[in-house]
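Peer 1: sequence and predicted model, in that order:
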Amino acid sequence: MTRSTREFIAALGATLVLTLIAEMGGGACGFKTPPPRTTPAHTRIVNLHADPAAADVTIKVTDNGFEPARIQVKKDTPVRLTFLRTSKTTCATKVLIPDQKISKDLPLNEPVVVELTFKQAGDVTFMCGEKMYKGQIVVAQD
């Protein structure tokens, strides 16, 4: 086999690998690229009217990341976030809430509850252990 033939085969192989990665979505997390992080369809407004039942939020962890990826809560009101990982193929096997120093494993199909009360208004980010998938908790003043 000549040198030019070997170079041609190597280039062809590299092209095939890159095409395969692109077809699979191209992302590092299960070869999937996450959707936009905070689209209106993925936003849930919670507890702005002091409804205690609304303080419970279930956040599903799917192949697309966190759903909903954005929630809004009221300052000084207890909130219970239940994370439920429903996908075997996602890299989001752990949830981190760095501002609250929280790190929890997310076993498949087992609810994981995080109870919080935010003392300050502002945005709080939650994310997977690889920091690829992210969500946001918007803490409203009143």
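Peer 2: Yep, that arrived.

Peer 1: just confirm Val124 contacts Ala140, I think it does.
Peer 2: No. Taking contacts as CB atoms under 8 Å, Val124 lies outside contact range of Ala140: 11.9 Å. Placement of C-beta: from N, CA and C, glycine included.

Peer 1: helices and strands around the helix or strand where Val95 lies, which ones?
Peer 2: For Val95, the host element (DSSP states H and E) is strand 94-97. Judged by 3 or more CB pairs under 8 Å, 6 or more residues apart in numbering; DSSP states H and E, the packing partners of strand 94-97 are strand 102-105, strand 112-117, strand 122-128.

Peer 1: just checking, what packs against the shortest one?
Peer 2: In this case it means strand 102-105. strand 94-97, strand 112-117.

Peer 1: quick one, which of those is packed in tightest?
Peer 2: Most buried of those, by mean neighbour count (mean count of other CB atoms under 10 Å): strand 94-97, with a mean of 19.

Peer 1: list the contacts of that one.
Peer 2: By CB atoms under 8 Å, 6 or more residues apart in numbering, the residues outside strand 94-97 that reach it are 61, 83, 102-106, 112, 114, 116, 124-129, 131.

Peer 1: show me how to select, in PyMOL, the buried members of the residues you listed.
Peer 2: For the buried members of these, the matching PyMOL selection, counting by 16 or more other CB atoms under 10 Å, is:
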select buried, resi 61+83+106+112+114+116+124+126+127+128+129
